[in-house]
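[1] coords please:
(one chain, ligands or ions: 1)
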Amino acid sequence: MKKMISVLVISAVAASLAFANGGSEGAAQSGASSKGLIGVVMPTRSEERWNKDGNAVREGLEKLGYTVSLQFSDDDIPTQLNQIDNMITNGVKALIIASIDGSSLGTQLANARAAKIPVISYDRLLMQSPNVDYYVSFDNYKVGRQMGQILVNGLNLNSPAKRPINVELFAGSPDDNNSVGFYQGAMDVLKPYMDSGVLAVPSGQIERTVIGTLRWDAAEAQKRMENLLSRYYSGDVVLDGILSPYDPISLSCLEACKAVGYGSTAGKPLPLVGGQDCIVASVKSIMSGEQYATVLKDTRSLGAATVELVDKLMNGQTPTGLDTTSYPNGAITVPSLLLDSVIVTKDNVQKDVINSGYHTRAELGL
Ligand code: BGC
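    Residues are numbered from 1 along each chain as shown. A predicted model of the protein is given here:
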């Protein structure tokens, strides 16, 4: 984390006036004691992680003396557009946006640029617009590789107990650019095992467009899992593993499997599944031996990195040392600050989840 933040070396000469002066109205509104109003928009309140993200960003900015307008968009695109329109009208000095559909905000981003309001694309890349100043996220391709690696480790693919090992694949929301990195990373790890016949996908459903889950909807994924099980898994064909990009999808897939006897019938153990986000329910499931692993992306670190970036911009400083090649958005390549993620299994829950304070023992029911 320190290493990642240290790349935000300040270039004293290159103070960015454009970034320093957004929204005088906001400064007036937020009172003399505030350093100014910052707009923070998160996609939904109904997922554990965005609440953590929103709070981490808000608390960090407030500690530095900013006033924060934090809004959650109920996974509804028009709501998100309105929230951003209002923030611009209210004179925010910067916008931190985790989008629902990364390509839907073109007009709002153009308006922000016209008002000299810097835009930070938070976790999810804002697409198809030149009016995005920075991207702060995790290394999404690496996260995807970790999702694949979870199956390699858990299913022991380097010395498999049988051939083929049957898996089904799930991907994230097609309108979220992160889904691309997650999928590519995972497939780069898993494809060699498919090519050599160690892994099979009995449904044949492999393309990201076919295996995607709109809005990361776990209920939709559960239905797909139920259909796959009834169509492709009968007789001797047993599902051994699931590639999952998101903890709630992992848990709902496990439910679908339990409903047809996995975990309670001889020869049908629960399939091995990973996930992402390290949500409380999944950590509990990992500790009880059901979900095998998850990928922890520490929202506190992402929040802190974002707060530091915004504060630099507000002080007229230009962050340097960013990744300027990895994230083209269809219009420009967005300078990015990318954090590291960690695979969590039963073995390191204590160290990486509890000792680090990401979840308390009480939250985990311990
Ligand atoms: C985030 C994931 C999250 C997913 C669903 C993605 O953009 O990177 O951490 O699980 O959205 O909210």
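
[2] burial of Leu290, as a residue count?
    In this structure residue 290 is Glu, not Leu. 17 (other Cβ atoms under 10 Å). For the C-beta atoms, the positions are set from N, CA and C on the backbone; glycine is no exception.

[3] Model confidence for it, exactly?
    Note on Glu290: pLDDT of 98.

[4] Quick check: Val180 touching Arg208?
    Yes: the pair Val180 / Arg208 is scored as a contact, 7.2 Å apart, by Cβ atoms under 8 Å.

[5] Count the residues that sit near whichever residue of the stretch 201-350 of the chain sits closest to the ligand.
    At 4.0 Å from the ligand, Trp216 is the closest residue in the stretch 201-350 of the chain, using Cβ to the nearest ligand atom. Look at Trp216: counted by other Cβ under 10 Å, it has 25 neighbours.

[6] Check Gly321 too.
    Neighbour tally, Gly321, other Cβ under 10 Å: 14.

[7] now Gly172
    Around Gly172 there are 28 residues (other Cβ under 10 Å).

[8] Gly172 and Ala304: what is the separation?
    25 Å (Cβ to Cβ, to the nearest Å).

[9] And Val295, by the same measure?
    19 Å.

[10] Helices along the stretch 1-150 of the chain, start to end?
    For the stretch 1-150 of the chain, applying DSSP state H, counting those that start in this stretch gives helices covering 2-6, 17-20, 24-29, 48-63, 77-89, 106-114, 140-154.

[11] right, so of those helices, which gets closest to the ligand?
    In terms of Cβ to the nearest ligand atom, the element of those nearest to the ligand is helix 48-63, at 5.6 Å.

[12] who does the closest one touch, helix- and strand-wise?
    strand 37-42, strand 67-72, helix 299-314 (3 or more Cβ pairs under 8 Å, 6 or more residues apart in numbering; DSSP states H and E).

[13] right, so the ones you listed: which one is the most enclosed?
    strand 37-42 (a mean of 28; mean count of other Cβ atoms under 10 Å).

[14] The protein against the ligand: which residues are in contact?
    Glu47, Arg49, Asp123, Arg124, Asp176, Asn178, Trp216, Tyr246, Gln276, Asp277, Lys297 (Cβ under 6 Å from any ligand atom).

[15] so what's the residue in the stretch 1-150 of the chain positioned nearest to the ligand up against?
    Distances between the stretch 1-150 of the chain and the ligand by Cβ to the nearest ligand atom are smallest at Arg124, namely 4.5 Å. Arg124 makes contact with Pro43, Ala98, Ser99, Gly102, Ser137, Asp176, Asn177, Asn178, according to Cβ atoms under 8 Å, 6 or more residues apart in numbering.

[16] Return the subset of the residues you listed lying in strands.
    Ser137 (DSSP state E).

[17] about what we covered before: enumerate every residue touching the residue of the stretch 201-350 of the chain closest to the ligand.
    Glu47, Gly172, Ser173, Asp176, Pro245, Tyr246, Pro248, Ile249.

[18] can we see that at 6 Å?
    Counting by Cβ atoms under 6 Å, 6 or more residues apart in numbering, Trp216 touches Gly172, Ser173, Tyr246.

[19] Same question for Tyr122.
    Ile96, Ile97, Ala98, Val136.

[20] quick one on the thing from earlier: quick one: which of the contacts of Trp216 is nearest to Lys35?
    Lys35 lies nearest to Ser173 out of these, by Cβ to Cβ, at 34.9 Å.

[21] in what helix or strand does that closest one lie?
    Assessed by DSSP states H and E, Ser173 sits outside every helix and strand.

[22] Serialize the helices and strands packed on helix 48-63 to JSON lines and add fields for mean pLDDT.
    Listed next are the helices and strands packed on helix 48-63 as JSON lines, based on pLDDT from 0 to 100:
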{"stretch": "strand 37-42", "mean pLDDT": "98"}
{"stretch": "strand 67-72", "mean pLDDT": "98"}
{"stretch": "helix 299-314", "mean pLDDT": "98"}
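
[23] out of these, nearest to Pro130?
    helix 299-314 (17.7 Å).

[24] Relative to Val342, how far out is the residue nearest the centre of the chain?
    Centroid check for the chain by Cα atoms, centre = their mean gives Asp123 as the closest residue, at 5.9 Å. Distance, Asp123 to Val342, by Cβ to Cβ: 16 Å.

[25] So in the protein, where's the weakest helix or strand by average pLDDT?
    helix 17-20 (a mean of 30; mean pLDDT, DSSP states H and E).

[26] ok so Leu270 is a helix residue?
    No: secondary structure of Leu270 (DSSP: H, G, I helix; E, B strand; the rest coil): coil, not part of a helix.
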